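**Student:** No letters, just coordinates:
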Ligand code: B3K
Ligand code: ZN
């Protein structure tokens with residue numbers, strides 16, 4: 001707990017470590033009332049340091065007792081070192097030595113879930129970013145890479161499974177019913193990749209033959225009740241291993257690869273070397289308990305963690321400012337993988353939606369930071385959408401600029417050149433430059449400048465000359481600490497459509513032959529004009545195809561143009577985007593009106609066309625039918641009035657549902673999925689279409705819709721359909737049917753935490769049921785648990801992040817409620833508390849009354865005594881400045 005203002009850490013202050021660790025020998029004695037950790041570090045002075053440090057400084061955090069310190073086998077007297085709680089300073093160390101440290105820690109009382117802690121009776125760890133220092137004193141920074149040997153001792157009956165990184169090299173029995181296993185990891189790694197698990201777990205085994213013919217032992221460890229939920233993750237893992245060989249030439253390097261599922265976990269999963277630890281909700285699935293979205297999420301997270309073995313573990317980050325080096329690149333790799341496994345267009349739509357809704361919001365708020373930040377107080381706060389998702393987009397743009405082949409040459413060079421090293425984003429870009437011969441110096445600004453570039457597009461057509469001119473201006477808005485930004489290098493994909501919907505050749509000069517119908521324009525100036533020749537008539541532009549850069553585009557589209565693009569653009573992403581822009585336009589026009597304004601008939605016709613056209617890619621249709629979310633509409637609005645936006649969107653939804661009732665029923669009936677449950681793009685699309693149709697029908701309290709929902713709820717053989725029906729009922733006016741379904745659902749699934757989380761979320765996210773009294777009631781429910789981050793997220797997080805009209809209620813009660821929960825959680829789990837603050841941080845964006853109420857809520861958090869560093873940083877940055 002801090003007593004003074006936390007320190008800011010700056011990238012410019014980076015210094016190489018004064019001492020390196022070659023080898024770490026750990027011994028854990030695990031007991032119910034604590035754990036004793038023996039650590040023996042083989043250390044030497046770093047030849048690259050200036051050699052001026054005579055003392056050795058090690059990091060520590062929340063270590064209950066430092067029991068002893070020894071140097072080269074002799075226990076040190078108390079005055080030979082200083083125990084400063086967060087630092088152990090050992091004076092007068094030689095150039096090379098062995099340091100022994102014994103600590104006593106209390107994992108059973110660790111509610112922060114960082115370091116070694118207990119979850120459902122098992123021991124597990126989370127060390128990234130700075131959790132290893134909660135286990136023992138250590139130079140806990142990613143550029144110190146060492147080989148680890150780990151012996152774990154525990155009671156055999158309670159903890160039959162003892163795991164750590166690498167290969168198990170020794171095991172045996174000990175007195176008193178205890179046993180031990182020793183693990184050795186041959187690959188040097190930073191401490192953040194260390195892991196330990198001890199528990200009564202069941203093992204599921206499989207194997208994988210690598211491209212060079214090595215047999216890898218694949219193991220999943222779960223609690224006995226979850227054995228039926230492993231197959232999907234295991235299959236996903238094998239697909240990811242094969243894909244990484246085929247697309248990146250990367251082979252797995254150890255003989256064993258292990259995955260463990262734990263219920264209490266702050267994030268989704270962690271890529272510890274050879275021993276990935278997952279939040280149960282991100283790895284366990286069965287058709288009965290997980291939705292299609294969960295299946296897809298699990299596939300991508302399993303792949304993401306696996307891909308880290310190269311992009312993160314073999315080549316790691318020099319310091320935490322470089323976090324996007326591994327996260328941005330690995331998100332890019334997992335998004336390519338998901339695109340290859342399913343529908344690339346749908347994946348692109350999902351990624352762009354997340355980016356435009358949430359990352360753009362972050363990038364224009366008080367926590368905005370570059371992909372490579374310059375400073376931080378608490379690194380945990382920097383596991384952000386900017387580092388991950390914008391970081392991914394930056395790598396994607398390099399891929400677009402270089403092309404797939406050159407990009408692969410670049411990634412090969414990067415892995416070869418830096419294998420076993422801790423490096424920077426700049427090293428990554430340099431490898432791409434060296435392999436391709438391209439100059440990416442201006443491109444590097446994407447790593448340095450925060451803020452979402454805004455592109456304003458103007459066009460003109462010179463009928464006489466047959467020339468169409470596109471002028472694109474870019475502006476990068478100011479963000480905290482950064483003004484007057486330079487233009488960035490932006491790949492801008494375009495196409496032009498003729499009146500009949502045909503793709504026109506894009507001739508950059510008159511008479512050009514074989515001109516392509518798609519081009520990547522490279523923007524490097526504040527204003528750029530491009531000319532396209534030999535055009536007989538004014539074309540309709542298709543801009544930023546496939547969302548080729550993470551930017552906002554402004555162009556005065558007419559509704560006719562949007563409807564035209566919706567049905568003709570060969571770029572699937574832009575077809576969808578045209579529909580979104582049209583819907584945004586229609587909804588925005590209704591915000592705050594008296595309710596009399598007519599709703600544009602064109603929108604209804606466009607949706608009718610979508611619902612009935614079976615020749616279209618149904619996965620794309622399923623996406624196109626989703627109206628823009630409230631969160632996205634809020635993001636686009638200036639000084640948004642959330643309840644008014646909610647009303648307007650509801651009106652459009654109801655209008656469409658009423659006008660298209662028969663089409664919705666036909667769509668529902670047509671999309672029944674026969675046969676075995678499968679997560680293929682086709683069947684996912686069918687279920688999505690069917691459940692969207694059902695949701696719309698229940699939005700207008702259609703009787704036939706109600707009876708379809710009830711029978712679907714009762715008969716469904718998979719969670720997607722069961723949850724689709726439940727969600728539709730929860731958001732309908734049929735109170736009795738809704739309450740019966742919610743009750744029956746809980747009774748059936750109350751023993752399954754992952755399903756109970758969904759049951760919480762469907763209620764707390766509903767503007768129909770999730771008012772504050774309901775949220776408080778859910779928090780009193782026996783299944784709610786303050787120590788479990790998933791429960792907190794599924795009730796409080798979903799309320800504040802998704803139930804927007806309730807969160808932004810006129811009286812400000814939603815804001816006060818959130819602040820109250822943050823203050824309560826700050827003492828036990830600051831990392832989760834800081835994440836919960838996020839919806840309040842953008843108080844300046846909202847209409848005055850709301851903004852003031854949000855600010856007051858933030859101040860009430862600021863004024864709590866003993867605020868954690870995590871929450872301190874978010875709250876103070878949010879309140880700072882203008
Ligand atoms: N690298 C981890 C995140 C760890 C978060 C620490 N607070 C998961 C991932 O991105 O793969
Ligand atoms: Zn990651």
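**Tutor:** In hand now; what should we look at? Since this is a predicted model, take the numbers as computed values, not measurements. Ligands and ions are numbered 1, 2, ... in the order given.
**Student:** all strands for the stretch 551-700 of the chain, in order.
**Tutor:** 552-554 (DSSP state E, counting those that start in this stretch).
**Student:** Helices along that one, start to end?
**Tutor:** Taking DSSP state H, counting those that start in this stretch as the criterion, the stretch 551-700 of the chain carries its helices at 559-568, 572-590, 601-612, 618-624, 630-636, 642-659, 661-670, 681-699.
**Student:** buried residues in the first one?
**Tutor:** Right, helix 559-568. Within helix 559-568, the residues scored as buried using 16 or more other Cβ atoms under 10 Å are 559, 561-566, 568. All C-beta atoms are positioned from the backbone trio N, CA, C, and that covers glycine.
**Student:** where do the helices sit along the stretch 751-882 of the chain?
**Tutor:** Taking DSSP H, counting those that start in this stretch as the criterion, the stretch 751-882 of the chain contains helices spanning 753-764, 772-780, 789-792, 798-802, 804-807, 813-826, 830-841, 848-862, 869-879.
**Student:** Determine the angle, from 0 to 180 degrees, between the first one and helix 772-780.
**Tutor:** This means helix 753-764. Between the axis of helix 753-764 and that of helix 772-780 there is an angle of 160 degrees, by axes from the mean of the first three to the mean of the last three Cα atoms, to 10 degrees.
**Student:** Helix 753-764 - contacts with which helices or strands?
**Tutor:** The criterion is 3 or more Cβ pairs under 8 Å, 6 or more residues apart in numbering; DSSP states H and E, and the helices and strands that helix 753-764 contacts are helix 719-730, helix 735-749, helix 772-780, helix 789-792, helix 798-802.
**Student:** So for ligand 1, which of the ones you listed sits nearest?
**Tutor:** Within the helices and strands packed on helix 753-764, the stretch nearest ligand 1 is helix 789-792; the backing value is 11.4 Å (Cβ to the nearest ligand atom).
**Student:** List the contacts of residue 334.
**Tutor:** Under the criterion of Cβ atoms under 8 Å, 6 or more residues apart in numbering, the contact partners of residue 334 comprise 300-301, 303-304, 307.
**Student:** Please, which helix or strand holds it?
**Tutor:** Secondary-structure element containing residue 334, defined by DSSP states H and E: helix 323-341.
**Student:** ok, then the element right after that helix?
**Tutor:** Using DSSP H and E, the helix or strand that follows helix 323-341 towards the C-terminus is helix 344-354.
**Student:** got the buried residues for that following helix?
**Tutor:** Going by neighbour count (16+ other Cβ under 10 Å), the buried part of helix 344-354 is 344-353.
**Student:** Out of these, which is nearest to ligand 1?
**Tutor:** Comparing those against ligand 1 with Cβ to the nearest ligand atom picks out residue 351 as the nearest, at 15.7 Å.
**Student:** quick one: pLDDT of the closest one?
**Tutor:** With respect to pLDDT, residue 351 has a value of 98.
**Student:** Ok, residue 593 next?
**Tutor:** The model's pLDDT for residue 593 equals 81.
**Student:** Same check on residue 3?
**Tutor:** 53.
**Student:** right, and residue 438 touches residue 432 too?
**Tutor:** Yes. With contact defined as Cβ atoms under 8 Å, residue 438 counts as touching residue 432 (7.5 Å).
**Student:** what touches both of the two?
**Tutor:** With contacts defined as Cβ under 8 Å, 6+ apart, the residues shared by residue 438 and residue 432 are residue 402.
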